[in-house]
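Trainee: Show me how the following folds:
(chains A, B, C and D)
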Number of protein chains: 2
Amino acid sequence: MNLPLPSETIFHVIESTIKEYRKFAQKNISEQIQDMTIDQGLVLLFLNKHPDLTQKEIAELVFKDNASMTRMINTMVQKKYLKRSMNPEDRRRYKIEITDKGKEVLETLPPIIHHNRNSSLKGITKNELNQLEIILNKIKTNCTKNMIL
Amino acid sequence: MNLPLPSETIFHVIESTIKEYRKFAQKNISEQIQDMTIDQGLVLLFLNKHPDLTQKEIAELVFKDNASMTRMINTMVQKKYLKRSMNPEDRRRYKIEITDKGKEVLETLPPIIHHNRNSSLKGITKNELNQLEIILNKIKTNCTKNMIL
DNA sequence: TCAATATAATTGACATATCAATTATATTTG
DNA sequence: CAAATATAATTGATATGTCAATTATATTGA
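Mentor: Modelled structure (predicted):
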């Protein structure tokens, strides 16, 4: 079996791309906001737009599992970005609120993220982006479809 | 600032694709080899092809940092997949050898990985793969180039 | 030569990833 | 209604990610 090395596959390219982007984006965030990771920032953005999200729902949006999300929100509460309060409608869930400190971040963060996205996509056409999305979705579908078997 | 939500960006698509692939691949590996993660498998594949790799070099190939690689190899030594011995040429480095147990894995693993790659790329043309690679490399270059600034 | 610098690997501290088990509350169904 | 089942979140255990500091050895250059 002459298997190409992992470093010669498209999966390697996909993974290294997203890792480079994350490193780049994290660096630009850290320069302006200390103690703020990309993922914590994403949580704030989602909660800001959709305040009623449960932990489980946020977890899916940022590709974490529930356990990680519990701990991530713990640290964000400790760092005073978020506040947890009871949800009387369904006492299994929490209501998660953004604190004033969290809202400050929501002023600072969007321009940084905007810049990150723009400069990492510089020179790439709309058409290329569409192509990219279509092909990646094919791969993704193949993976989820075959998972069931 | 009307920033699109992270879930609406191409980065979300890239990240979700690689995560689905990893989940899919891990599942197929776990069914046949217990106690073997994808990344541990990749380390074995690289070491098999290039026995003289240092920990630092392996780390780069699988996108880990040195600290993670130290710990990963610790656990692989504990699990008897690898053996560390001194390198008399340069005593800062180790010589890392694959044990018999590790070699067994190298018999079992390649067909699984082959199947994982094939079925997740089913229906995708050579041309699409080329396109994919070109576009992703553009993004990656943008990130690394701008990192210096 | 030997002092300064570079490199490979480790360690500590803390955050996150993952899996399985558990708790508390809701919902469904016999 | 009560028992069975489902759901949201937590917890424990272990692995990995990341950063900074440290150790041990090599290399370089005055």
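
Trainee: so which helix or strand takes in the closest residue to A:L136 other than its chain neighbours?
Mentor: Nearest residue to A:L136 in three dimensions, chain neighbours excluded: B:T17, at 4.4 Å (C-beta to C-beta, 6 or more residues apart in numbering or on different chains). For glycine as for every other residue, the C-beta is placed from the backbone atoms N, C-alpha and C. Taking DSSP states H and E as the criterion, B:T17 maps to helix B:10-32.

Trainee: hang on, the earlier thing: which residues touch the residue nearest to A:L136?
Mentor: For B:T17, the contacting residues are A:14, A:136-137, A:139-140, A:143, taking C-beta atoms under 8 Å, 6 or more residues apart in numbering or on different chains as the criterion.

Trainee: Mind putting the residues you listed into CSV with distance to B:K56 and neighbour count?
Mentor: CSV is the format used below for the contacts of B:T17 (distance: C-beta to C-beta, whole Å; neighbours: other C-beta atoms under 10 Å in any protein chain shown):
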residue, distance to B:K56, neighbour count
A:I14, 23, 20
A:L136, 31, 23
A:N137, 36, 13
A:I139, 31, 25
A:K140, 33, 19
A:C143, 31, 24
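
Trainee: Looking at those, which is nearest DNA strand C?
Mentor: When the contacts of B:T17 are ranked by distance to DNA strand C (C-beta to the nearest atom of the strand), A:C143 comes first, at 13.6 Å.

Trainee: So the closest one, which state does it fall into?
Mentor: When the structure is reduced to helix, strand and coil (DSSP: H, G, I helix; E, B strand; the rest coil), A:C143 reads as helix.

Trainee: Would you mind writing the CA trace of stretch A:15-28 as CSV?
Mentor: Below are the C-alpha coordinates for stretch A:15-28, written out as CSV (Å, rounded to 0.1, in the frame of the first residue of the first chain):
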residue,chain,number,x,y,z
GLU,A,15,-5.9,22.2,8.1
SER,A,16,-2.8,24.3,7.7
THR,A,17,-4.9,27.1,6.1
ILE,A,18,-7.4,27.3,9.0
LYS,A,19,-4.6,27.1,11.5
GLU,A,20,-2.7,29.9,9.9
TYR,A,21,-5.8,32.0,9.8
ARG,A,22,-6.5,31.4,13.5
LYS,A,23,-2.9,32.3,14.4
PHE,A,24,-3.1,35.5,12.3
ALA,A,25,-6.4,36.4,13.7
GLN,A,26,-5.5,35.7,17.3
LYS,A,27,-2.4,37.8,17.0
ASN,A,28,-4.3,40.8,15.8
